[in-house]
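Trainee: Fold the stuff below for me.
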Amino acid sequence: MSRIENKKREKKIKRYMRMGVTMTVILLIFGVLAVDFRIRKSLAIEEVSLIDYKHLKEYQYLVHIMGKNYVLDFSELSGALNNKFAEFREIAYNIKRYATDFLKR
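Mentor: You can find the predicted model right below:
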């Protein structure tokens, strides 16, 4: 085999290995969550589960992960997204206007 074929084969093997490891981790996480849910349900434990979230205010969430609470604030993120969408709308409008002006000529 040539060097190029070897590189392609190695790249393919690495990609499949990464996908395999990722899928294994995802399955393990779902398994831990399923077992946690079933144990809490069978023992009638009303505490917060392994991973949980609550909506506090607009754009704010309380996330509970393994006994620790984290407050996530998406207000800055939503503002930045709105600005980007506004810029995109303006660019799309300008392109449409230039296209119609060009076609009218």
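Trainee: make it CA atoms for all contacts and neighbour counts henceforth
Mentor: Will do.
Trainee: Now the element after the longest helix out of those in the chain, going C-ward?
Mentor: The longest helix of the chain (DSSP state H) is helix 3-42. Next along the chain after helix 3-42, taking DSSP states H and E as the criterion, comes strand 51-57.
Trainee: next one: the longest helix of the chain to chain centre, how far?
Mentor: When distances are taken as Cα atoms, centre = their mean, to the nearest Å, helix 3-42 is centred 16 Å away from the chain's centroid.
Trainee: what angle do that helix and strand 51-57 make?
Mentor: Per axes from the mean of the first three to the mean of the last three Cα atoms, to 10 degrees, the angle that helix 3-42 makes with strand 51-57 is 80 degrees.
Trainee: Next, the buried residues of helix 3-42.
Mentor: Across helix 3-42, burial judged by 16 or more other Cα atoms under 10 Å covers no residue at all.
Trainee: tell me the average confidence for that helix?
Mentor: When pLDDT is averaged over helix 3-42, the result is 91.
Trainee: Show me what that helix is packed up against.
Mentor: Helices and strands touching helix 3-42, by 3 or more Cα pairs under 8 Å, 6 or more residues apart in numbering; DSSP states H and E: there are none.
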